[in-house]
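Visitor: I'll drop the sequence and a predicted model, then ask my questions.
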Amino acid sequence: SQQGEEDPQALSIQEGENATMNCSYKTSINNLQWYRQNSGRGLVHLILIRSNEREKHSGRLRVTLDTSKKSSSLLITASRAADTASYFCATVPISGSARQLTFGSGTQLTVLP
Amino acid sequence: GAGVSQSPSNKVTEKGKDVELRCDPISGHTALYWYRQSLGQGLEFLIYFQGNSAPDKSGLPSDRFSAERTGGSVSTLTIQRTQQEDSAVYLCASSAGGTVGADTQYFGPGTRLTVL
């Protein structure tokens, strides 16, 4: 079963614009990770944010985490056509030694040249 | 070093046959995970290994599914008597197995299984 929802389900923007994707989850977490997937195959890890962190940056990516609202956002600035992909958030729960990821439903991002 | 590798990349089989999917994790990673991705169910956790033992098998959908890991490295996911609903992309991931809060999982390219 999936942990939560991502919105929007699909997003289409022009190259150079910023893209924001949101993720909500249901249970308390150890960390939240964002992944990118091209063409329905392997997942590429983008960024991990720990439950005691509120914001994290990596290049053109900015991730925020609000544990009180059980939500996270991924911002991609100055988007490029190569950013076209599906983006997933995934959480690791606070539950003993549990390490498995529970994924959201994903956002399909299309960046138009 | 090299990333997570999986073989085969594609597998087409007939209903009722057994299949084996292989995963080679990143060298030195103690934790290994299997997930599957299908249109109807999204990304689902199947099983997790720490070393050669599987503390969490909660995601295996039925007793037709089993997995093993040997030498703390290669893992094999076996599906017996395949059914059409087993058609999916099977993804393997590995992680260093350190502190849970900071343990990043790295994924392989997946095996696309089609059951006719």
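Guide: Cool, the structure landed. Residues are numbered from 1 along each chain as shown, chains lettered A, B, ... in the order given.
Visitor: partner residues bridging residue 24?
Guide: Answering for chain A, as no chain was given. Using DSSP bridges, the beta-bridge partners of A:Ser24 come out as A:Glu5, A:Ser71.
Visitor: I was after chain B.
Guide: For B:Asp24, the beta-bridge partners are B:Ser5 (DSSP bridges).
Visitor: Tell me, how many residues neighbour it?
Guide: By the criterion of other C-beta atoms under 10 Å in any protein chain shown, B:Asp24 has 18 neighbours. Quick note: C-beta positions are derived from backbone N, CA and C, even for glycine.
Visitor: my read: it touches B:Gly3, true?
Guide: No - counting by C-beta atoms under 8 Å, B:Asp24 sits too far from B:Gly3 to count as a contact (9.4 Å).
Visitor: mind listing the strands for chain A?
Guide: When assigned using DSSP state E, the strands of chain A occupy the ranges A:5-7, A:10-14, A:19-24, A:29-37, A:43-50, A:55-58, A:61-66, A:71-76, A:85-93, A:102-103, A:107-112.
Visitor: Counting neighbours, what do you get for A:Tyr87?
Guide: Residues near A:Tyr87, counting by other C-beta under 10 Å: 22.
Visitor: what do you get for A:Asn52?
Guide: Neighbours of A:Asn52 under the rule other C-beta under 10 Å: 10.
Visitor: and chain A, which residues reach chain B?
Guide: Those residues of chain A that sit near chain B, judged by C-beta under 8 Å from any C-beta of the partner chain, are A:1-2, A:30-31, A:33, A:35, A:40-45, A:48, A:50-52, A:88, A:90, A:92, A:97-103, A:105-106.
Visitor: ok, of the residues you listed, which come out buried?
Guide: Buried members of the residues of chain A next to chain B, scored by 16 or more other C-beta atoms under 10 Å in any protein chain shown, are A:2, A:30-31, A:33, A:35, A:41-43, A:45, A:48, A:50, A:88, A:90, A:92, A:98-103, A:105-106.
Visitor: Among the strands of chain A, which comes closest to B:Ala96?
Guide: strand A:43-50 (12.2 Å; C-beta to C-beta).
Visitor: Could I get the CA-only coordinates of the closest one as CSV?
Guide: Output of strand A:43-50 as CSV, limited to C-alpha atoms (Å, rounded to 0.1, in the frame of the first residue of the first chain):
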residue,chain,number,x,y,z
LEU,A,43,14.9,5.2,-9.8
VAL,A,44,17.5,7.8,-9.4
HIS,A,45,18.0,9.2,-5.9
LEU,A,46,17.7,12.9,-5.7
ILE,A,47,17.8,14.0,-2.0
LEU,A,48,17.2,12.7,1.5
ILE,A,49,15.8,14.9,4.3
ARG,A,50,15.8,13.7,7.8
